Every structure is written in C-alpha cells, then in structure tokens.
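Q: Sequence isn't available, so here's the structure alone:
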Ligand SMILES: [Zn+2]
C-alpha cells in the first residue's frame with residue numbers, strides 16, 4: 001500500500017474509533033448545559049434570601065471553590081407556601097443580578113412528578129423527578145424478563161473497578177431489582193420525555209430521586225437503576241438515592257458513619273462504571289437530599305470526593321428558613337414574639353405538620369420545650385435552641401426539626417411574617433450567609 005493509502009486507512013480508523021467511542025460513551029449526551037463539579041441546592045421559601053445565599057457562594061469562590069447555586073423548591077413547598085415557580089425564578093434572577101454573579105445558576109423543580117410538572121416547565125431548568133412512590137409497583141412479567149435478559153451479562157461475579165470485593169449477581173437478584181425499580185424508572189422516563197417535548201433535549205438538567213423511602217438502595221441496586229435509566233434514554237445528571245442512616249431535616253446525620261463511608265465510596269465507583277458501561281453523561285454525580293446540617297458526614301463526603309476527584313450536589317433547602325426564624329429571635333421584640341408564636345402553634349399542630357415529612361424527621365415529643373419554658377427565653381436563648389451548633393448546650397434538635405416543618409404556619413401569617421423578614425433583613429441575612437458558608441461549605445470543602 002502506498003503512503004497515501006496507509007494515511008487514508010489511518011484517518012478512517014481514527015474517525016471510526018471516534019464515532020464508536022462517541023456512540024458508546026456519550027450517546028445520551030446532547031446537552032447545552034452541564035452541571036459543574038460542585039453544586040449546592042438552596043431553598044428560599046419566602047423568596048427573600050437569594051442575595052444572602054448567593055453571598056455564601058461568592059465567599060466560597062473567593063477561597064477557590066467554584067460551587068453552582070441551584071434554587072430548589074419542591075411542589076410540596078410551593079403548595080404549602082402558596083407560591084409559584086415563576087416567583088422562585090424571579091427572586092433567584094434578581095439576586096444573581098444584584099450580586100453580579102457571573103457563574104451559572106439553576107432553578108430546580110424539586111420532587112415533581114407527571115401530575116404537577118407542567119407548571120414548572122417554563123420557569124425551571126433543573127428537574128428532580130421523584131419516583132420514590134413508585135418503587136415496588138408491578139410491571140408485566142415480560143418486562144421483568146426483558147430486564148433480566150438485558151442485564152444478564154452482569155450475572156455471576158461482577159467486578160466494579162475500585163471496589164475490592166466482587167458483587168455476586170444472580171438471576172434472582174436481577175429479577176428482584178427489576179421488581180423493585182423498573183416501574184419507577186419507567187415513570188421517570190415518562191416525566192423526562194414530557195419535559196423534553198416542551199423544553200427540547202439538552203436544555204435542562206435531570207435528577208432522579210428516590211430518597212424519601214424507608215429502605216436505602218444498595219450500591220449494586222444503584223448500578224441497575226442507572227442501567228435502566230440509560231436503557232430508557234434518560235440522560236440523568238444527578239441521582240439521589242436513599243443512603244444508609246437517617247437524613248432527617250435540618251439536623252445531623254444519624255447512623256453508622258463508617259458504613260455510610262463505605263457505601264458512599266462504592267456509589268462513586270458505581271457511577272463511574274455506569275457512565276462507561278451505559279453511556280450516561282460523564283458529569284453524572286450523586287445528589288444528597290436533606291443534605292443540610294449533616295455535619296458529621298461532611299468530612300467523609302469531602303474526603304472521598306477529593307480522593308476520587310468527584311463532584312457532588314448537596315440540597316440544603318430548609319436550612320435557610322430556620323435561619324430566618326433564628327434571625328427573628330435574635331432581633332428581639334415583636335420579631336421574637338412572632339418566632340415564639342410560630343413555635344407554639346407548631347406544638348399544637350404537631351401531627352398535621354409532621355405527617356408529610358414522616359420519613360425524614362425524628363422528633364421526640366417529650367424533648368420539645370413547652371410554652372411555659374420557651375416563653376421565658378430571651379432572643380439569644382431562643383436562637384441558640386434553634387441554631388445548629390452541637391457544642392451549644394442550648395441547642396435542641398427536636399425543636400429544630402419541628403420548626404423546620406412549621407413554615408406552613410409562617411406562610412399562613414402572610415404579610416405579617418414577610419414584613420418582619422423585611423424589617424430585620426440585615427440580621428437575618430448574616431445568619432443565612434454564615435450558615436451556608438461557614439457551617440456547610442467550609443465543613444464540606446475543608447476551607
Ligand atoms: Zn428529597
């Protein structure tokens with residue numbers, strides 16, 4: 001063969017490899033947007049803390065950590081507060097403008113499903129498709145068999161790079177995984193397609209969540225969940241499994257930290273392997289729901305993502321509302337009075353407020369300070385009961401969780417509450433920024 005011939009063969013080979021490589025590695029990627037390595041979901045229930053929240057991201061940026069803000073608000077929160085997704089987007093956009101934030105930012109339709117996604121499609125560019133309720137729903141036998149057939153190549157000893165011991169994958173295990181998750185994955189796919197039809201492929205980020213369930217998903221289950229999402233052509237950007245241990249709202253992690261560490265590290269390897277096996281987006285990362293305040297596992301998460309050079313998405317939605325309550329208490333006078341009354345009302349409406357959050361709170365009723373006690377506290381004592389400072393003897397995690405789910409009462413107070421937020425915006429803003437930056441970002445990124 002002449003020199004030109006050899007050159008031509010080489011060129012064809014390179015093109016062929018590139019095409020093959022693309023089709024295997026990236027067939028689901030056709031995205032105009034990608035989430036950066038680190039991102040934090042922040043929640044702003046009353047749409048007044050955007051600037052104070054964003055300031056924390058700017059402080060992290062000053063320290064060399066680039067974190068993308070994602071304003072998330074679940075359908076449950078919108079319904080409780082009586083707000084609209086367009087308001088979340090407007091408040092976030094205004095904060096971005098006023099603070100001169102130059103980086104990317106997103107608005108997350110958090111915990112949505114087919115019944116409520118429509119009202120979010122225009123205002124949001126990040127969708128957390130919640131399929132927790134569909135876990136274990138029945139699919140036809142033929143689909144179970146199809147699943148077992150599709151993933152049959154992983155049967156036997158499955159070795160995942162980075163994980164020392166192999167997994168033992170039997171046909172029964174594959175069938176059990178299909179029975180547990182296939183319906184949920186198909187549901188996620190239906191919601192994804194529905195959004196895609198309006199927004200267009202690649203114009204939004206997709207998260208699939210199954211965190212609000214009683215039983216955690218194992219790393220191996222996560223592998224098959226990701227495989228079936230890929231098979232349904234859902235280009236998932238972030239995945240929120242239910243991890244081992246308790247991720248209660250607004251308080252620290254409860255559980256076996258070394259077990260969590262093992263599982264979390266395995267999940268990082270599972271994601272890498274799933275990306276290469278199934279052609280999912282290479283930026284795919286774990287999302288930690290109820291991720292605020294999990295201070296005892298932040299060093300574990302931080303060390304492991306640094307060790308393996310991985311990204312993370314942490315949702316910290318409700319923690320800002322608690323800072324609003326803390327700030328009001330510190331402001332004293334009628335603001336303290338309002339914060340107190342919200343707590344007292346919450347005590348009386350315990351079951352109603354806690355019901356929707358049963359899987360993500362653990363409150364010992366007997367450890368809640370009674371009105372006779374809390375009514376005598378000054379602002380700083382009330383604030384120290386609420387503020388998540390485990391070293392402060394005044395801190396009360398039961399009260400903090402109850403107040404976490406009591407934002408409904410603040411919403412019912414309407415203008416009385418929001419006017420108070422405005423009146424004391426300076427003291428509240430400091431709480432909000434400090435909480436996100438110092439207590440959360442600094443701990444996680446070891447700043
Ligand atoms: Zn969640």
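A: Now that the structure is in, tell me what you want to look at. None of these values were measured; they are calculated from a predicted model.
Q: dump the residue contacts of residue 411.
A: For residue 411, the contacting residues are 45, 46, 80, 81, 82, 417, by CB atoms under 8 Å, 6 or more residues apart in numbering. Bear in mind the C-beta positions are built from the backbone N, C-alpha and C, glycine included.
Q: residues contacting the last one?
A: What it means is residue 417. Here residue 417 is in contact with 46, 338, 410, 411 (CB under 8 Å, 6+ apart).
Q: May I ask which of those residues has the most neighbours?
A: The most crowded member of the contacts of residue 417 is residue 410, carrying 27 neighbours; neighbours defined as other CB atoms under 10 Å.
Q: Give me the pLDDT for that residue.
A: The model reports residue 410 with a pLDDT of 97.
Q: now the residue in the chain that the ion sits nearest to, nearest residue through space, not along the chain?
A: Closest approach between the chain and the ion, counting by CB to the ion: residue 289, at 3.1 Å. The shortest distance from residue 289 to any non-neighbouring residue, by CB to CB, 6 or more residues apart in numbering, is to residue 211 (4.2 Å).
Q: OK, contacts around the one you found?
A: For residue 211, the contact set (CB under 8 Å, 6+ apart) comprises 132, 240, 241, 242, 243, 247, 289, 290.
Q: Report the distance from the longest helix that the chain contains to the chain centre.
A: Taking DSSP state H as the criterion, the chain has its longest helix at helix 171-199. Centre-to-centre, helix 171-199 and its host chain are 19 Å apart (CA atoms, centre = their mean, to the nearest Å).
Q: for the record, mean pLDDT for the following helix or strand past it?
A: For helix 171-199, the following helix or strand on the C-terminal side (DSSP states H and E) is strand 205-209. What strand 205-209 shows for mean pLDDT is 98.
Q: could you give me the average pLDDT of the helix or strand that comes right after strand 205-209?
A: Following strand 205-209 in sequence order, the next helix or strand is helix 219-231 (DSSP H and E). Mean pLDDT, helix 219-231: 97.
Q: Give me the contact list for whichever helix or strand comes after helix 219-231.
A: For helix 219-231, the succeeding helix or strand toward the C-terminus, using DSSP H and E, is strand 238-240. By CB under 8 Å, 6+ apart, the list of residues contacting strand 238-240 from outside reads 35, 128, 205-211, 222, 225-226, 229, 271, 284-289, 313, 315.
Q: What pairs with strand 238-240, parallel or antiparallel?
A: Strands that pair with strand 238-240, judged by DSSP bridges, come out as strand 205-209 (parallel), strand 285-288 (parallel).
Q: Rebuild these as TSV, extending it with mean neighbour count.
A: Output for these, formatted as TSV (neighbours: other CB atoms under 10 Å):
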stretch	mean neighbour count
strand 205-209	25
strand 285-288	24
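Q: on that earlier part again, my guess is the residue of the chain closest to the ion contacts residue 248. True?
A: No - assessed by CB atoms under 8 Å, residue 289 is found out of contact with residue 248, at 11.4 Å.
Q: higher neighbour count, these two?
A: Per other CB under 10 Å, whichever of residue 289 and residue 248 has more neighbours is residue 289, with 29 against 22.
Q: which residues touch the more buried one?
A: 209, 211, 212, 240, 247, 315.
Q: near the ion, which residues of the chain?
A: By CB under 5 Å from the ion, the residues of the chain that approach the ion are 211, 289.
Q: residue ranges with poor pLDDT in the chain?
A: Counting by pLDDT under 70, the chain contains low-confidence ranges at 1-32.
Q: domains for it, by residue range?
A: 28-315, 321-445 (automatic domain parsing).
Q: Can you show me the helices along the stretch 51-200 of the chain?
A: Remark: helices assigned in the stretch 51-200 of the chain by DSSP state H, counting those that start in this stretch are 75-81, 85-99, 141-150, 171-199.
Q: what does the stretch 301-447 of the chain give?
A: Secondary structure of the stretch 301-447 of the chain (DSSP H, counting those that start in this stretch): helices at 319-331, 333-348, 350-354, 371-374, 379-386, 397-404, 407-412, 415-423, 425-434, 442-445.
Q: Neighbours of residue 372, how many?
A: 7.
Q: Residue 390 now?
A: Neighbourhood size, residue 390 [other CB under 10 Å]: 12.
Q: excluding its backbone neighbours, what's nearest residue 215?
A: Once flanking residues are discounted, residue 215 sits nearest to residue 242: 7.0 Å by CB to CB, 6+ apart.
Q: Would you agree that neighbour is in contact with residue 221?
A: No - using CB under 8 Å, residue 242 is not in contact with residue 221; the gap is 10.2 Å.
Q: follow-up on the earlier one: please identify which of the contacts of residue 417 is nearest to residue 200.
A: Closest approach between these and residue 200, by CB to CB: residue 46, at 32.1 Å.
Q: Quickly find the element holding that closest one.
A: Assigned by DSSP H and E, residue 46 belongs to neither a helix nor a strand.
Q: which ones are touching the closest residue to residue 370 other than its chain neighbours?
A: Of all residues not flanking residue 370 in the chain, residue 347 sits nearest, at 7.8 Å (CB to CB, 6+ apart). Listed by CB under 8 Å, 6+ apart, the contact set of residue 347 reads 368, 370, 371, 402.
Q: and the nearest residue to the last one once chain neighbours are set aside, what is it in contact with?
A: Closest residue to residue 402 apart from its sequence neighbours, by CB to CB, 6+ apart: residue 346 at 5.3 Å. With CB under 8 Å, 6+ apart as the criterion, the residues that contact residue 346 are 353, 402, 403, 405, 406, 409.
Q: before we move on, what about residue 255?
A: When contacts are counted by CB under 8 Å, 6+ apart, residue 255 touches 244, 245, 246.
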